[in-house]
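Visitor: Starting from these lines, generate the structure:
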Amino acid sequence: MKKIVFAFCIVCGVCSVYAKNQLPEDVLKQLNSYNVAWNTLSVSGSMESMPLGNGDITANVWIEKEGDLLLYIGKSDTWSEATRLLKVGRIRIHLSPNPFTDNAGFSQTLNLYGGEINVSAGGKGNETRLKIWIDANQPVIHIETESKKDISVSCTTELLRPHDYTLPSPNDPLASSFRGLLGSPVKPAEKADVLVTKPDRIQWYHRNESSFYPAILTKQNVPELVGKYSDPYIHRTFGAAVLGSNVQPANDSTLVSTKAEKKFNLSVYAYTAQTETVDEWNDQLNNLVKQCQANNIEILRKNHYAWWDEFWNRSWIFLSGDEDAHKITQAYLLQRFMMACQSRGAYPAKFNGGNFTFDYKGLNGDYRNWGPGYWHQNNRLYYMPLTASGDFDLLKPWFDMYKNMLGIQTDITRKYYGHGGAFFPETLNFFGLYIQDDWGWNNIDGKASDTRWIRYHYSGALEVLTLMLEYYDYTKDEAFAKEYVVPFAEQVIRFFDQHWPRISGTIRFVPANAIEQFWDCVNPVDYNAGLRYTIAKLNQSLSGVISKELLNEWNDCLKSLPPLPLSPDKQKMLPAEEYGIGRNFENPECYVIFPFKLYGVGLPDIDLAIRTYNDRIWKQSNCWSQCPIQAALLGLTDEACKGIIKNITSLDPDVRFPAFWKPGSDYIPDFDNGGVFTLALQNMLLQNVDRKIYLLPAFPETWSVDFKLKAFDNTTMRVKSHGKTIDRTEIYPEYRKKDVIL
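Guide: Numbers count the residues shown, from 1 in each chain. Here you go, the predicted model:
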């Protein structure tokens with residue numbers, strides 16, 4: 001937490017002169033055409049909200065008919081004593097006279113380029129305008145109001161947790177949100193939020209005075225680690241303060257204007273820290289407010305715009321040709337925007353709603369199906385596209401989570417199994433270990449989880465390593481290789497190398513899972529393909545920064561792997577050498593295509609991979625299904641397009657924002673659904689195969705495209721094309737032109 005506080009202090013000191021706009025005018029014109037604009041007020045509350053964020057702090061923003069402006073405020077690090085990721089809170093802003101009495105003159109626009117929401121209401125001569133933006137460079141939400149006539153303003157915090165709460169039973173409607181603690185002998189509970197009396201603001205907080213962390217470590221048979229690794233829940237305190245110009249508290253929950261004026265500015269400062277006392281948290285929040293207020297708001301706004309300008313100039317994709325192309329473009333831009341809004345904080349975005357959960361089907365914004373844990377099968381899918389889009393900063397929380405839990409997972413592996421390396425559960429807490437309900441509350445002296453679904457599901461760590469290696473291939477960042485890739489690879493590969501027996505020099509992976517699909521199998525393809533792919537990549541890309549001893553260890557492991565499991569006629573890949581009945585809706589045999597790219601465009605034996613793909617049992621797209629990605633990597637244009645279209649139309653008609661993907665197997669917004677079509681689309685346009693760049697490997701002849709994407713070796717490509725007829729190609733550095741294959 002000291003690191004988080006320090007980062008905020010540094011950010012609040014930023015007051016540099018903003019850079020000139022980088023985004024080309026023709027691209028800006030295209031981007032602006034995809035702004036989301038509404039001309040009617042919301043009638044169903046936050047189900048008709050727009051997302052906004054600065055990477056850490058988020059807001060769902062909506063305006064009620066005949067009502068007020070409301071913000072659901074989220075944050076990446078607001079973990080409760082019951083392990084849930086909670087909202088910071090909700091605020092309601094009322095203007096008088098109220099300009100939101102009807103739809104006349106009303107508009108609400110998500111300005112993608114500016115990272116802001118613009119609202120206008122009222123007839124001619126009576127207009128009121130609002131600008132809502134969350135500073136890209138500091139932890140502040142700004143609500144700026146300007147009216148042609150004098151208005152009064154009030155801002156009320158509506159506590160989401162006004163009373164202590166204890167989950168009554170595992171069958172309660174809220175139970176899934178507490179998943180991980182449903183079997184606990186001590187019922188999960190959360191204390192009420194607290195209002196603070198202040199002379200110049202309204203302020204509230206939530207504080208954890210208890211923690212399940214010691215119980216989780218003890219129940220998972222590593223009580224000796226409780227003191228070695230700090231408790232991430234205890235005394236975690238989060239909340240916010242709202243201040244403004246010419247406003248004062250009417251009571252502990254409401255600010256009111258001191259007089260009617262034409263302009264008002266409100267600022268919301270959200271803050272999280274682990275402190276010994278509430279007073280320490282309050283002092284740190286006060287310091288944060290002072291540091292932020294010391295900056296000129298006009299310079300802050302320009303720096304905010306500069307950040308978003310740089311973001312949109314990193315990459316883009318604009319399709320045209322038919323209505324599907326238009327919808328896919330909008331979906332791609334909005335998915336990428338939402339990731340920028342929520343993935344620069346202390347922890348990675350959650351697959352089941354991210355930081356944009358809202359009131360849905362009678363459950364409020366604190367609820368999310370499947371609870372607080374991270375499920376690798378889901379989370380990976382919206383982080384994998386961030387390399388091609390050049391959003392390397394958004395990957396840091398994802399990589400940091402795994403880097404930070406490497407120590408505890410290495411210790412646990414040594415305790416359970418008496419050998420080196422580190423395993424990573426498929427479903428885990430942000431600090432490591434299994435989600436407790438999956439491990440089992442009565443799993444005394446156990447060395448594997450109770451649940452069969454993920455008991456031997458270990459290949460997620462190989463996928464994290466794959467993405468780390470791709471990050472290095474894109475950036476050539478040797479500091480990242482030394483600090484992240486090599487330490488992680490060392491422990492992950494060592495686990496696979498030492499955990500199973502060798503028979504005549506060949507590793508026999510049993511017991512094992514083939515992801516969640518097959519439980520007790522022999523030599524599953526995901527283990528095998530993941531090791532083959534990552535060790536080959538380490539040899540190819542990082543031999544210069546890896547010790548000879550480590551390379552020898554990894555290559556000995558590679559030589560000890562069994563053959564990849566093929567059908568008796570050698571015509572297709574199998575899920576494992578031996579396997580039983582399927583349990584889920586997954587195709588582990590296709591893992592040799594993605595995420596472990598052993599087969600595909602530009603690689604040997606692509607026909608075997610196509611036969612494997614065509615013969616897969618589960619042919620689906622939305623949510624976490626990877627079929628569109630695999631189709632694109634095989635150059636199957638029609639298949640990829642059909643899958644993408646299914647994903648982007650996965651919407652609940654009662655939810656207004658066109659990228660709040662409906663819950664497939666997860667919760668709303670379903671971010672892995674967005675990640676799948678995003679990654680599939682990128683691979684339709686550009687694929688890195690070794691050092692070659694394959695251009696338009698799965699692109700329809702009926703579409704046109706203007707795209708800018710990243711490629712390996714710090715390469716940037718901009719391409720304009722009608723079908724596969726290329727009108728314009730720019731590549732930097734220029735020497736990479738020789739590596740491009742159409």
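Visitor: where does the chain dip in pLDDT?
Guide: 1-20 (pLDDT under 70).
Visitor: Counting residues, name the longest helix you see in it.
Guide: For the chain, the helix with the greatest residue count under DSSP state H is helix 323-342.
Visitor: could you say what helices and strands it packs with?
Guide: Packed against helix 323-342, as judged by 3 or more C-beta pairs under 8 Å, 6 or more residues apart in numbering; DSSP states H and E, are the following elements: strand 50-53, strand 316-320, helix 637-648, helix 671-685. Using the backbone N, CA and C atoms, a C-beta is placed for each residue, glycine as well.
Visitor: Give the partner strands of the longest strand along the chain in its sheet and their orientations.
Guide: Within the chain, and with DSSP state E defining each element, the longest strand by residue count is strand 140-157. Sheet pairing here is set by DSSP bridges, and for strand 140-157 it gives strand 89-96 (antiparallel), strand 128-134 (antiparallel), strand 254-257 (antiparallel), strand 261-274 (antiparallel).
Visitor: What residues sit buried inside that strand?
Guide: When neighbours are counted by 16 or more other C-beta atoms under 10 Å, the buried residues of strand 140-157 are found to be 140-147, 151-157.
Visitor: which one among the residues you listed gets closest to Tyr613?
Guide: Within the buried residues of strand 140-157, distances to Tyr613 taken as C-beta to C-beta reach their minimum at Ile141, with 46.0 Å.
Visitor: Please enumerate the helices of the stretch 401-550 of the chain.
Guide: With DSSP state H, counting those that start in this stretch applied, the stretch 401-550 of the chain shows helices at 406-417, 436-439, 460-475, 478-480, 486-499, 525-541, 548-559, listed in chain order.
Visitor: Can I get the ones you listed in TSV including mean neighbour count?
Guide: Formatted as TSV, the helices of the stretch 401-550 of the chain follow (neighbours: other C-beta atoms under 10 Å):
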stretch	mean neighbour count
helix 406-417	18
helix 436-439	23
helix 460-475	23
helix 478-480	13
helix 486-499	21
helix 525-541	23
helix 548-559	14
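Visitor: returning to what we had before: how about the helices and strands packed on helix 323-342, which one is nearest Gly373?
Guide: Relative to Gly373, the nearest member of these by C-beta to C-beta is helix 671-685, separated by 14.1 Å.
Visitor: that older thread, so for Ile581, which of the helices of the stretch 401-550 of the chain sits nearest?
Guide: Evaluated with C-beta to C-beta, the helices of the stretch 401-550 of the chain place helix 525-541 nearest to Ile581, the distance being 16.9 Å.
Visitor: sec struct for the residue positioned nearest the centre of the chain, please.
Guide: Compute the mean C-alpha point of the chain, and by C-alpha atoms, centre = their mean the closest residue is Ala349, 3.3 Å away. Per DSSP: H, G, I helix; E, B strand; the rest coil, the secondary structure class of Ala349 is coil.
Visitor: For it, which residues are in contact?
Guide: Contact criterion C-beta atoms under 8 Å, 6 or more residues apart in numbering gives 76, 339, 342-343, 355, 379, 382, 397, 671 as the residues in contact with Ala349.
Visitor: Doesn't Thr109 belong to a strand?
Guide: Yes: secondary structure assignment places Thr109 in a strand (three-state DSSP).
Visitor: partner residues bridging it?
Guide: Beta-bridge pairing for Thr109 (DSSP bridges): Ala37, Asn118.
Visitor: sorry, back to before: can you tell me which of the helices and strands packed on helix 323-342 is most buried?
Guide: Most buried of the helices and strands packed on helix 323-342, by mean neighbour count (mean count of other C-beta atoms under 10 Å): helix 671-685, with a mean of 28.
Visitor: which residue ranges form the helices in the stretch 1-150 of the chain?
Guide: For the stretch 1-150 of the chain, the helices identified by DSSP H, counting those that start in this stretch occupy 2-12, 25-32, in order along the chain.
Visitor: Ok, the stretch 551-700 of the chain next?
Guide: 606-614, 627-633, 637-648, 671-685.
Visitor: helices or strands up against the third one?
Guide: Put plainly, it is helix 637-648. Right, helix 637-648 is packed against helix 323-342, helix 627-633, helix 671-685 by 3+ C-beta pairs under 8 Å, 6+ apart.
Visitor: Take the ones you listed and lay them out in JSON lines including distance to Pro51.
Guide: Written out in JSON lines, the entries for the helices and strands packed on helix 637-648 read as follows (distance: least, C-beta to C-beta, whole Å):
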{"stretch": "helix 323-342", "distance to Pro51": "6"}
{"stretch": "helix 627-633", "distance to Pro51": "24"}
{"stretch": "helix 671-685", "distance to Pro51": "11"}
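Visitor: what's the closest of the strands paired with strand 140-157 to Ile645?
Guide: Closest approach to Ile645 among these is made by strand 128-134 (32.0 Å; C-beta to C-beta).
Visitor: All set, thanks.
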